[in-house]
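Asks: fold the following.
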Amino acid sequence: MPEEIEIADKVGSVSAERYAQIVAELRKLVETAGRIQFTIGDYALEVEPMRESGGQGRSDSLFTVKDSLFRLAEDIGLSYAMVDKARWTASKWPKDRRVPGVSFTVHSILASIVDDEERFATILNPPKGKTRWTPDEANRRTGRQVVKPVTPQEKVSAIHTLATDEEVAATVTSDLLRRPDVAFRAMSDETARHQVNHAQVERGRQAREHFEETSPVAPAVRSIDRSVEFLDLVTACHALVAAAGRVVPGMRDRQLGDDERTIIHENVARVRATLDWIETAVDTGKVDVDGELARITAADAPPPCQPPCRASTVAAARPTGTTGGSTRREALAAPSGPRVAPARVHTTAGPRPEHGRPAGGRHAYPASHPNARWQAVSSTGRSR
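Replies: As a prediction, this is how the structure comes out:
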């Protein structure tokens, strides 16, 4: 019994002893078949010797190489591919380098090793742990896909081979990503994660474009989007007024240091410039930002105040009447602490001696103050 056949009660439908007898007989036939195929290759080489790459050896020959081999294949009842393969394999293995006991198939696979000496040495040394060459071992040696994958890389290569079609690859990928562990490990790859995110964004963009082009309700949705932007802007203004109404009364009788006042003045100038920008955008529809405003609004600002609890604070702005051509808007805030008087923001341009402001309702910065250069940015002709 050949030593590589494992001891077992049965192999398939036959006993281990009978299986060993079958293998021994078939190896003799395989060796005979190998000699026959090498003989076919040798005769094909005689009809059409191997030529240098780049053209025919005899330009006036009656047949081209393919025509000659095709005629030979038909005359002996074999396929052209079989005759051509036998010819090429025979050209790589001279008669004194052919190894008895190694199949013609293994000779044909190892024939792809370019260097002659390496090729001749390889076939004499079976893989470690093996007593003979097999087609799969020969494919591993030459870097080809094996029939029975064993290592993870071989299995991955087999999947890639089967998933060359885009539709098949997409279906397999979708099925695999439904497995949580597989999805988690796949997303640990930065390139894969980037491609998935990019595909999501692109699919969303295409879906939005398709909706806007084909849906009869697209105009209504665009109108809603504009309404949402309007509400967001109003909410931002209300949040600012409510936060000021909650914080400023708590500063009664408190004296700020020079650095603290400077920081507050800088942020007030930033807010004032931003409010002018909002007014310009609302009145003209232009949202371009000039260089100075971009520099002001892009400056690092302190963290925003934490919004008060919805249950304890109500912010609103409503018209309360007109007096002498002046319109007042009252911002009401109900903080969770002691109730304070609502802060009133006047749009009239008049002196405010209690705040030390000059006419115009704005803080007057001395020429040496760092905020003086922002006075022109925030003064666009509208009085607050």
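Asks: how about residue 90: what's its closest non-neighbour residue?
Replies: Leaving aside its sequence neighbours, residue 90 sits nearest to residue 41 (C-beta to C-beta, 6 or more residues apart in numbering; 2.9 Å). C-beta here means a position set from N, CA and C on the backbone, and glycine is covered the same way.
Asks: quick one: contacts for the one you found?
Replies: By C-beta atoms under 8 Å, 6 or more residues apart in numbering, residue 41 lies in contact with 86-91.
Asks: show the buried residues in the residues you listed.
Replies: Among the contacts of residue 41, those classed as buried by neighbour count (16 or more other C-beta atoms under 10 Å) are 86-90.
Asks: closest one to residue 271 out of those residues, please.
Replies: Within the buried ones among the contacts of residue 41, the smallest distance to residue 271 is 82.0 Å, found for residue 88 (C-beta to C-beta).
Asks: isn't that closest one right up against residue 107?
Replies: No: the pair residue 88 / residue 107 is not scored as a contact, 10.9 Å apart, by C-beta atoms under 8 Å.
Asks: quick revisit: separation between the residue nearest to residue 90 and residue 64?
Replies: Residue 41 sits 19 Å away from residue 64, taking C-beta to C-beta, to the nearest Å as the criterion.
Asks: equivalent analysis for residue 155, please.
Replies: Distance from residue 155 to residue 64, by C-beta to C-beta: 42 Å.
Asks: in what helix or strand does residue 161 lie?
Replies: Secondary structure from DSSP states H and E places residue 161 in helix 152-162.
Asks: cool, and residue 144?
Replies: Counting by DSSP H and E, residue 144 is found in no helix or strand.
Asks: the bottom helix or strand of the protein by mean pLDDT?
Replies: Ranking every helix and strand in the chain by mean pLDDT, DSSP states H and E puts strand 326-332 at the bottom, with a mean of 36.
Asks: all helices of the stretch 101-250 of the chain, in order?
Replies: Ranges of helices within the stretch 101-250 of the chain are 104-110, 116-122, 135-142, 152-162, 166-177, 180-186, 190-214, 218-247, based on DSSP state H, counting those that start in this stretch.
Asks: most tightly packed of these?
Replies: helix 104-110 (a mean of 22; mean count of other C-beta atoms under 10 Å).
Asks: and the gap between residue 139 and residue 119?
Replies: The separation that residue 139 has from residue 119, given C-beta to C-beta, amounts to 15 Å.
Asks: give me the nearest residue to residue 281, chain neighbours excluded.
Replies: residue 287 (4.8 Å).
Asks: same thing with residue 22?
Replies: residue 14 (7.1 Å).
Asks: give me phi/psi at that neighbour?
Replies: Note on residue 14: backbone dihedrals following degrees, to the nearest 10 are phi -120, psi 160.
Asks: can you pull the pLDDT of it?
Replies: Residue 14 carries a pLDDT value of 91.
Asks: if it is in a bridge, with which residues?
Replies: Here residue 14 shows beta-bridge partners residue 11, assigned using DSSP bridges.
Asks: can you give me the neighbour number for residue 126?
Replies: When neighbours are counted by other C-beta atoms under 10 Å, residue 126 registers 17.
Asks: out of the contacts of residue 41, who's nearest residue 244?
Replies: If you rank those by distance to residue 244 using C-beta to C-beta, residue 88 comes first, at 87.7 Å.
Asks: in the protein, spot the helix with the most residues.
Replies: helix 16-47 (DSSP state H).
Asks: return the distance of whichever helix or strand comes after it from the chain's centre.
Replies: Per DSSP H and E, the first helix or strand lying C-terminal to helix 16-47 is helix 65-76. Computed by C-alpha atoms, centre = their mean, to the nearest Å, the chain-centroid distance of helix 65-76 equals 52 Å.
Asks: now for the following helix or strand past helix 65-76, which elements pack on it?
Replies: Of the helices and strands lying after helix 65-76 in sequence (DSSP H and E), the nearest is helix 80-92. Under the contact criterion of 3 or more C-beta pairs under 8 Å, 6 or more residues apart in numbering; DSSP states H and E, helix 80-92 touches helix 16-47, helix 65-76, helix 104-110.
Asks: so which of these is the most surrounded?
Replies: Stretch with highest mean neighbour count among the helices and strands packed on helix 80-92: helix 104-110 (a mean of 22; mean count of other C-beta under 10 Å).
Asks: against which helices or strands is that helix packed?
Replies: Helix 104-110 packs on helix 16-47, helix 80-92, helix 135-142, going by 3+ C-beta pairs under 8 Å, 6+ apart.
Asks: taking the contacts of residue 41, tell me the two that lie furthest apart.
Replies: Maximum pairwise distance among these (C-beta to C-beta): 9.8 Å, between 86 and 91.
Asks: on that earlier part again, nearest to residue 128, of the helices and strands packed on helix 80-92?
Replies: Set against residue 128 and scored by C-beta to C-beta, the helices and strands packed on helix 80-92 come closest in helix 104-110, at 16.5 Å.
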